[in-house]
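>>> structure for the following, please:
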Amino acid sequence: MELDCHFDFTCGYSYRAWLWFERLRNAGIDLVISWRSFVLKEVNRGEDAPSLLSGPTIESVAVLALAVAKALPDDASAAVYRSRVFDAMHAREERATRDDVIHIATAVGLDADSFWADETLWLAEVRNEHMGAVQRHGVFGTPTLVFDDDASMYLKLTDLPSENDIHLWDSVTTIVRSFPEVAELKRPPSN
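The predicted structure follows:
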């Protein structure tokens, strides 16, 4: 199954979706995921705050992490990079810094000098993907999954499933693809 996942490295829900997708692959689900940039700080900024996507330089670690992913030489290095950046952003006590992101990227094949020389180009790639997600699919948060038939959903896992990964995946995809009239399923807070 092919799908786009609009994500932000700083988002815990994106991190859990990434972990779950890895478990699904290990369980035999054939998933081909195109990871697409979406900047949560951009959609949550105040009206008077400047856009993080207008440049000419990259000011945010979140945007930098997404831009670097676009600049990597191939899918294999991008997959290793995603794993290491998600780990740096969520599995440690401290958030990753700009230097951490560049260090991870150069370890998997980024030419840092070329990246900085083309910084405006990579920022534009993130901006175009972000804006395209909003305009084409109404993306408002991460992770948002867009399936090959254009069915889409925002997925919010508070934790990884304790079991039955495949059953949950089948249920999610059935609801998203077969019941377009279901706009939202949301649990009320438990007491």
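>>> CA atoms for contacts and neighbours, from now on please.
Will do.
>>> which residues touch stretch 116-125?
Leu53, Gly55, Pro56, Thr57, Ile58, Val63, Leu64, Ala67, Val68, Lys70, Ala71, Phe115 (Cα atoms under 8 Å, 6 or more residues apart in numbering).
>>> now do that stretch, average pLDDT.
For stretch 116-125, mean pLDDT is 97.
>>> so how far is the longest helix along the chain from its chain's centroid?
Ordering each helix of the chain by length in residues (DSSP state H) puts helix 119-137 first. Counting by Cα atoms, centre = their mean, to the nearest Å, helix 119-137 is centred 13 Å from the centre of its parent chain.
>>> in the protein, where is pLDDT below threshold?
191 (pLDDT under 70).
>>> quick one, strands of it?
2-7, 32-37, 144-147, 152-154 (DSSP state E).
>>> out of those, nearest to Arg187?
Among the strands of the chain, strand 152-154 comes nearest to Arg187, with 14.2 Å by Cα to Cα.
>>> now, the contacts of stretch 116-125 that are in helices?
Per DSSP H, those map to helices at Val63, Leu64, Ala67, Val68, Lys70, Ala71, Phe115.
>>> how many neighbours does Asn26 have?
10 (other Cα atoms under 10 Å).
>>> quick one: it from Arg16, how far?
15 Å (Cα to Cα, to the nearest Å).
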